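Peer 1: sequence plus predicted model, see below.
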Amino acid sequence: LFPFVTLGSLINFCDCFMSGGSSRKNHSEVGSSYIHFNYTPNQDKATASLIGDVPRGVMLNQPPIFLGGQGGLVGPLRLGYGTVILAGTVLRGDHPEGGKLLGQSGPLAYEITFHQGFYADIKRRVHNNILYIANMLALRQWYEHVRRLFMGESDTGRALLEGALEKLDIIVAERRNRLQNLSEKMDLSVRITKKITRGPQRQTLIRQSREFQENWPAVDKCLTGHHAEAIDTEQRDAFIEALRSRMNGDLDYIHTIRRLDHEISSMGTTWLQNIVDGITSHAMEQLPVCRADG
């Protein structure tokens, strides 16, 4: 959770990232009795959700996000800034554009055969997981180069930074492990796909599933090769220089970031967005079928 994200009570909010809001009054909100559904009937947890994003969220100047009480998100999904979800709504789809009021008019009752191990949305699921990991890698760069400036040279400051970087590494490792576990389920999904689907959908799902399984090692290398450190260093260095000039010895992180002018904050957002886009694009290049199909 980023600054200015506020939680109600009785919340199950595992495996998600959330930002948005610019002050204690203008804050993002997770209503009471809210659930992020992060475990599927196919017994996987490749379900992390991005509620906001890192490149814009770190600047603490985005519209808040409101998740109404007694509702839920079925991960993995993406929500943009300014999203409002009505109380009692369980959301299952992506709305990364933001600025939407989302709700449901009533319960949808239906009955179909359930095939455990079948994945009908593997492209979206893989892409959202890669995006989540890319955002966490961008956040690690933010800590490495920006948050470091505000933690001082004391033993406490160094320990705090070290602990934060360690936690981010744990998050990335967990997400990679969950995605690898998902890749190992593709044999079963393909077998089921052959039995229960027909037409163009059948071949598309088979190709996507097989590609993900076979190319997972190459995708994983894109997520572990420390590529983030080398992306857009010119923009990064220019942002850090401008930030240092505005700090003037002030180690109050939130105060300093909030008073950055638009030109400087845009530089930082561009640097981080280029990390997210670069890593995501590099990883998806290893999955040409998933990129092209659908």
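Peer 2: Alright, I've got the coordinates.

Peer 1: mind listing what's buried in stretch 200-207?
Peer 2: Residues of stretch 200-207 classed as buried: Thr204, Leu205, Ile206, Arg207 (neighbour count, 16 or more other CB atoms under 10 Å). All C-beta spots, glycine's among them, are computed from the backbone N, C-alpha and C.

Peer 1: where does the closest residue in space to Arg258 that isn't next to it in sequence land on pLDDT?
Peer 2: Distance criterion CB to CB, 6 or more residues apart in numbering; nearest residue to Arg258, sequence neighbours excluded, is Leu60 at 5.2 Å. On pLDDT, Leu60 comes in at 97.

Peer 1: on that earlier part again, let's have the buried residues of stretch 200-207 in TSV, adding secondary structure.
Peer 2: Output for the buried residues of stretch 200-207, formatted as TSV (DSSP: H, G, I helix; E, B strand; the rest coil):
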residue	secondary structure
Thr204	helix
Leu205	helix
Ile206	helix
Arg207	helix
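
Peer 1: what is the neighbour count of the residue nearest to Arg258?
Peer 2: 22 (other CB atoms under 10 Å).

Peer 1: repeat for Lys167
Peer 2: Neighbours of Lys167 (other CB under 10 Å): 12.

Peer 1: now do the buried residues in the helix or strand where it lies.
Peer 2: Using DSSP states H and E, Lys167 maps to helix 155-183. Of the residues in helix 155-183, Leu160, Leu161, Ala164, Leu168, Ile171, Val172, Arg175, Arg176, Arg178, Leu179, Leu182, Ser183 count as buried by neighbour count, 16+ other CB under 10 Å.

Peer 1: in space, what's closest to the fifth one - neighbours in sequence excluded?
Peer 2: Counting by CB to CB, 6+ apart, Met136 is the residue found nearest to Ile171 once chain neighbours are left out, at 5.4 Å.

Peer 1: mind listing the helices for the stretch 151-294 of the chain?
Peer 2: Using DSSP state H, counting those that start in this stretch, the helices of the stretch 151-294 of the chain run over 155-183, 186-196, 199-224, 233-247, 253-258, 262-284, 288-292.

Peer 1: contact partners for the residue nearest to Arg258?
Peer 2: Contacts for Leu60 (CB atoms under 8 Å, 6 or more residues apart in numbering) come out as Phe2, Pro3, Phe4, Gly21, Ser22, Ile254, Ile257, Arg258.

Peer 1: check contacts around the fifth one.
Peer 2: Ser22 makes contact with Phe4, Leu60, Asn61, Gln62, Pro64, Arg258, according to CB under 8 Å, 6+ apart.

Peer 1: quick check: the first one vs Pro96, distance?
Peer 2: Spelled out, that is Phe4. Separation of Phe4 from Pro96 (CB to CB, to the nearest Å): 20 Å.

Peer 1: repeat that for the third one.
Peer 2: If you measure Asn61 against Pro96 using CB to CB, the figure is 18 Å.

Peer 1: so for these two, which residue has more residues nearby?
Peer 2: When neighbours are counted by other CB under 10 Å, Asn61 comes out ahead of the other of Asn61 and Pro96, with 19 against 15.

Peer 1: wait, that one touches Asp261, no?
Peer 2: No. With contact defined as CB atoms under 8 Å, Asn61 does not count as touching Asp261 (10.6 Å).

Peer 1: give me the contacts around stretch 271-279.
Peer 2: Counting by CB under 8 Å, 6+ apart, stretch 271-279 makes contact with 53-56, 58, 130-131, 133-135, 137-138, 141-142, 222-223, 227-228, 231-232, 235-236, 239, all of which sit outside it.

Peer 1: per-residue pLDDT, the nearest residue to Cys222 once chain neighbours are set aside?
Peer 2: Of all residues not flanking Cys222 in the chain, Ala283 sits nearest, at 4.1 Å (CB to CB, 6+ apart). Looking at Ala283, its pLDDT is 97.
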